[in-house]
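Enquirer: what follows is a predicted structure for the sequence shown.
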Amino acid sequence: MKKVLGVIVAVLFIALATAAFAAGPGGFGPGPRGYGYGRGIDLSKEQMDRMWQIREKFNTDTSSLRYELFQKRGDLRTLYADPKAGDAAILAKEKEVDTLRQKMHDRMVRFKLEQRKVYTPEQLQKLAESGYGPGFGGSRGGSGGGRGLGPCGRF
């Protein structure tokens, strides 16, 4: 029974993670007026295509890392629930998870830097003025539903 439940949870997580990463970091993605949350940042067809390529490459390049992080988080939850698990084992697993989170964060920064190269200086200025876009987070003043660094706001 536990195996079946574990498989169901894993499938659901992968489905949700796929949907979250398809939307891109911070909900950043093509809208009716292009990228940049549709806030007056009109991208050309070439820019939109390049953004799509960058996102697809990021998703492909981080797939195994995301899966490994998912696995380690599950291991960590299991350790916390195990009354026989020692502090040293939990701390060691936490370090593994933190290392993977840092790797994911580093890749996210490189992803945002690649996206940034697609914008014109005028588009970057508009993004800065609006408070949205790569590196600007997903919401202003606590309103809205921006995800920040990724699903659940962390990696």
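Expert: Received, thanks.

Enquirer: select the longest helix from this protein.
Expert: helix 45-81 (DSSP state H).

Enquirer: what is the burial count for Leu5?
Expert: Neighbourhood size, Leu5 [other Cβ atoms under 10 Å]: 9. C-beta coordinates here come from the backbone N, C-alpha and C atoms, glycine included.

Enquirer: let me see the contact set for it.
Expert: By Cβ atoms under 8 Å, 6 or more residues apart in numbering, the contact list for Leu5 is empty.

Enquirer: next, count neighbours for Lys72.
Expert: 18.

Enquirer: let me redo that: Phe111
Expert: Phe111: 20 surrounding residues under other Cβ under 10 Å.

Enquirer: mind listing the strands for the chain?
Expert: With DSSP state E as the definition, the chain shows no strands.

Enquirer: just the helices in it please.
Expert: Counting by DSSP H, the helices of the chain are 2-23, 45-81, 87-116, 121-130.

Enquirer: among those, show the one with the smallest mean pLDDT.
Expert: If these are sorted by mean pLDDT, helix 2-23 sits at the bottom with a mean of 66.

Enquirer: right, and Arg101 touches Glu68 too?
Expert: No: here Arg101 does not reach Glu68: they are 11.0 Å apart, not a contact under Cβ atoms under 8 Å.

Enquirer: who's more crowded, the two?
Expert: Higher neighbour count among Arg101 and Glu68: Arg101, with 18 against 15, using other Cβ under 10 Å.

Enquirer: quick one: that one from Leu5, how far?
Expert: Look at Arg101 and Leu5: by Cβ to Cβ, to the nearest Å, they are 26 Å apart.

Enquirer: please apply the same query to His105.
Expert: Using Cβ to Cβ, we find His105 at a distance of 31 Å from Leu5.

Enquirer: burial measure for Tyr119, as a count.
Expert: With other Cβ under 10 Å as criterion, Tyr119 counts 20.

Enquirer: wait, isn't it in contact with Leu127?
Expert: Yes: in this structure, Tyr119 is within contact of Leu127 by Cβ under 8 Å, at 7.1 Å.

Enquirer: so what sits against both of these two?
Expert: Shared contacts of Tyr119 and Leu127 (Cβ under 8 Å, 6+ apart): Ile41.
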